[in-house]
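Trainee: just coords:
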């Protein structure tokens with residue numbers, strides 16, 4: 001498997017990079033991520049679990065069974081790739 005294929009196994013799923021992009025702004029509560037992204041709750045929960053297992057983000061315990069998520073150093077390292085993809089997407093063909 002190539003390095004790119006290995007990376008896509010982690011962040012190539014629908015919503016994964018959008019979650020990381022949001023978390024680049026700082027820790028976010030689950031409900032805020034769901035509202036801001038508009039992701040179905042089952043999909044969001046799955047992607048958060050996968051990204052956590054891959055070491056891209058971690059859970060922050062909050063009061064009253066509320067969860068928040070923050071990026072690890074590995075997740076923060078995706079900033080340049082996300083910025084580059086955003087620029088690519090904004091460019092007119």
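Mentor: Thanks, I have it. Just so you know, these numbers come straight off a predicted model, no measurement behind them. Numbering: from 1, shown residues only.
Trainee: next helix or strand past the helix or strand harbouring residue 10?
Mentor: Using DSSP states H and E, residue 10 falls within helix 3-11. Next in sequence after helix 3-11, counting helices and strands by DSSP H and E, comes helix 16-23.
Trainee: distance from the chain centre to the following helix or strand past that following helix, please.
Mentor: Going down the chain from helix 16-23, the next helix or strand is strand 28-29, by DSSP H and E. Remark: strand 28-29 is offset 11 Å from the chain centroid, using CA atoms, centre = their mean, to the nearest Å.
Trainee: neighbouring strands - and their directions - for strand 28-29?
Mentor: With DSSP bridges as the criterion, the sheet partners recorded for strand 28-29 are strand 67-71 (antiparallel).
Trainee: how far is the strand it pairs with from where the chain is centred?
Mentor: 10 Å.
Trainee: nearest residue to residue 11 in space, please, no chain neighbours.
Mentor: residue 17 (5.4 Å; CB to CB, 6 or more residues apart in numbering). (C-beta placed from N, C-alpha, C; glycine too.)
Trainee: tell me the confidence at the one you found?
Mentor: Per-residue pLDDT puts residue 17 at 95.
Trainee: burial of residue 13, as a residue count?
Mentor: 15 (other CB atoms under 10 Å).
Trainee: skipping adjacent residues, who's closest to residue 16 in space?
Mentor: residue 47 (5.4 Å).
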